[in-house]
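**Student:** Here is the input, now give the coordinates:
(one chain, ligands or ions: 2)
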Amino acid sequence: MADEPLCVDDFEALAHARVRAEYWDYIAGGAGSERALAANRTAFERAALRPRILVDVSTVSTATTLLGRDLAGPVAIAPTAYHRMSHPDGELATARGAADAGALYITSFFSNHTMEDISAAAPDAPRWLQLYWLHDRGLFGDVVERAAGAGYEALVLTVDTPVLGLRLRDARNSLSLDPETIPANLTAAPTLLTTRTENSSAVSAQAVQAFDASITWDDLAWLRERSRLPLILKGIVTAEDARLALDYGVAAIAVSNHGGRQLDNPIGALDVLAEVVAAVDGRCPVLFDGGVRTGHDVAVALALGADAVLVGRPVLWGLAVGGAEGVARVLGLLRTELERVMALIGRPTIASIDASAVVLR
Ligand SMILES: Cc1cc2nc3c(=O)[nH]c(=O)nc-3n(C[C@H](O)[C@H](O)[C@H](O)COP(=O)(O)O)c2cc1C
Ligand SMILES: CC(C)CC(=O)C(=O)O
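**Tutor:** Ligands and ions are numbered 1, 2, ... in the order given. Coordinates of the predicted model:
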């Protein structure tokens, strides 16, 4: 790769030059005035690590386990839609890059390749499937029932998107989708495949047509009847909902404000992590995403109680810059940065990064 990127932010700058302007805005943007997007980063500015000294850090291990799966590190790929906006090989390249890095890949339901083709690109790698609850129960149930056979080890239902956030950049761009960027899992329902709208976004139009905003906690039983895969809820940001999720038997919770793309809130995702971790009280794994860009950020989230973190945009930057290799490079960078931070704070294992490792200023 030219202009050797040395940190995740370097990948952002290189990717910006490669991705079509409207697609870049879709990827980079947030909801409304983008306060939540900005807050996701500033929240990390208030968290400082507390280094301990004279600890044997001659060997540092980022290895961890999530829902019984051994992983090379605690950084996984957040589900993001439409990877062919970033690279012609789309999710196939992402799957290969994730496998090379030994990272868990949570595949978005709105992918440009079918869930089966993505699995086939890296068959034995750890992979979960993200879901949006569709109006079309036939199509939705079919996807859910196919997931286990297609090699997915868990289902991640995104619960912060009954409707899509107000994405002003996309509306101003009248964001449209080319034939190669339509969602491949939805081709059986062509009426859901709006690709062009006037003064609004085709992504938003698709969401309005496809998503069922009426679902509630009791609908989770319908999902469980169709799949025995562990269920994770993504987009929980309050203690109340974390407790309810446990009552409904979820396997894990993902604390997330959707990368600042839904509610235009002035509080960062990191600011609510401790509240959810306290409510969960060790009863299930807690994942975290929103603004993670360095190994330092990963360590902060783990110290605040996350079991693993997800990264969204950075993976798309790696994909745009170098396809599968770029994805593996971004994930590898985060892992080596984390290793260095673990040595510097005297916590040589993931389990040793406890609450004493961080202070909020
Ligand atoms: C371009 C883009 C597309 C996304 N698509 C999805 C999606 O299909 N499903 C989902 O649950 N979350 C989606 N998200 C949210 C991510 O899973 C994740 O919560 C967010 O990107 C994390 O923040 P980060 O980008 O700062 O790492 C998307 C985010 C971006 C940037
Ligand atoms: C297809 C979209 C709903 C994907 C998404 O979650 C997003 O753009 O944030």
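**Student:** can you tell me which residues contact residue 79?
**Tutor:** 106, 107, 108, 109, 130, 156, 158, 234, 312 (C-beta atoms under 8 Å, 6 or more residues apart in numbering). In this view, the C-beta of every residue, glycine as well, is placed from N, C-alpha and C.
**Student:** how about 7 Å then?
**Tutor:** 106, 107, 108, 130, 156 (C-beta atoms under 7 Å, 6 or more residues apart in numbering).
**Student:** Please report phi then psi for residue 255.
**Tutor:** Dihedral pair for residue 255: phi -80, psi 120, per degrees, to the nearest 10.
**Student:** Break down the stretch 101-250 of the chain into its helices, ranges please.
**Tutor:** Secondary structure of the stretch 101-250 of the chain by DSSP state H, counting those that start in this stretch: the helices cover 115-121, 137-147, 168-172, 202-210, 220-226, 239-247.
**Student:** Using TSV, lay out these together with distance to ligand 2 and mean pLDDT.
**Tutor:** Below are the helices of the stretch 101-250 of the chain laid out as TSV (distance: least, C-beta to the nearest ligand atom, whole Å; pLDDT from 0 to 100):
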stretch	distance to ligand 2	mean pLDDT
helix 115-121	15	98
helix 137-147	14	96
helix 168-172	9	96
helix 202-210	5	90
helix 220-226	18	97
helix 239-247	19	98
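**Student:** Could you dump those into JSON lines with mean neighbour count added?
**Tutor:** Formatted as JSON lines, the helices of the stretch 101-250 of the chain follow (neighbours: other C-beta atoms under 10 Å):
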{"stretch": "helix 115-121", "mean neighbour count": "20"}
{"stretch": "helix 137-147", "mean neighbour count": "17"}
{"stretch": "helix 168-172", "mean neighbour count": "16"}
{"stretch": "helix 202-210", "mean neighbour count": "20"}
{"stretch": "helix 220-226", "mean neighbour count": "15"}
{"stretch": "helix 239-247", "mean neighbour count": "16"}
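**Student:** Now render those helices as TSV, adding distance to residue 296.
**Tutor:** Supplementary listing: the helices of the stretch 101-250 of the chain in TSV, determined by distance: least, C-beta to C-beta, whole Å:
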stretch	distance to residue 296
helix 115-121	31
helix 137-147	35
helix 168-172	29
helix 202-210	32
helix 220-226	36
helix 239-247	26
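**Student:** Among the ones you listed, single out whichever gets nearest to ligand 1.
**Tutor:** Smallest distance to ligand 1 across the helices of the stretch 101-250 of the chain (C-beta to the nearest ligand atom): 8.8 Å, for helix 202-210.
**Student:** Show me which residues of the stretch 151-300 of the chain sit near ligand 2.
**Tutor:** For the stretch 151-300 of the chain, the residues in contact with ligand 2 (C-beta under 6 Å from any ligand atom) are 161, 164, 203, 207, 258, 261.
**Student:** now, which of those sits nearest residue 300?
**Tutor:** Taking C-beta to C-beta as the measure, residue 300 lies nearest residue 258 of those, at 19.9 Å.
**Student:** Show the contacting residues for the closest one.
**Tutor:** Contacts of residue 258 by C-beta under 7 Å, 6+ apart are 160, 161, 235.
**Student:** Can you turn the buried subset of the residues you listed into a selection I can paste into ChimeraX?
**Tutor:** Buried residues among the contacts of residue 258 (16 or more other C-beta atoms under 10 Å), as a ChimeraX selection:
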select :160,161,235
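**Student:** Can I get the contacts of residue 258 in TSV including distance to residue 39 and pLDDT?
**Tutor:** Converted to TSV, those look like this (distance: C-beta to C-beta, whole Å; pLDDT from 0 to 100):
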residue	distance to residue 39	pLDDT
160	15	97
161	19	96
235	16	98
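**Student:** Residue ranges in the stretch 151-300 of the chain under the pLDDT threshold?
**Tutor:** Counting by pLDDT under 70, the stretch 151-300 of the chain shows no low-confidence range.
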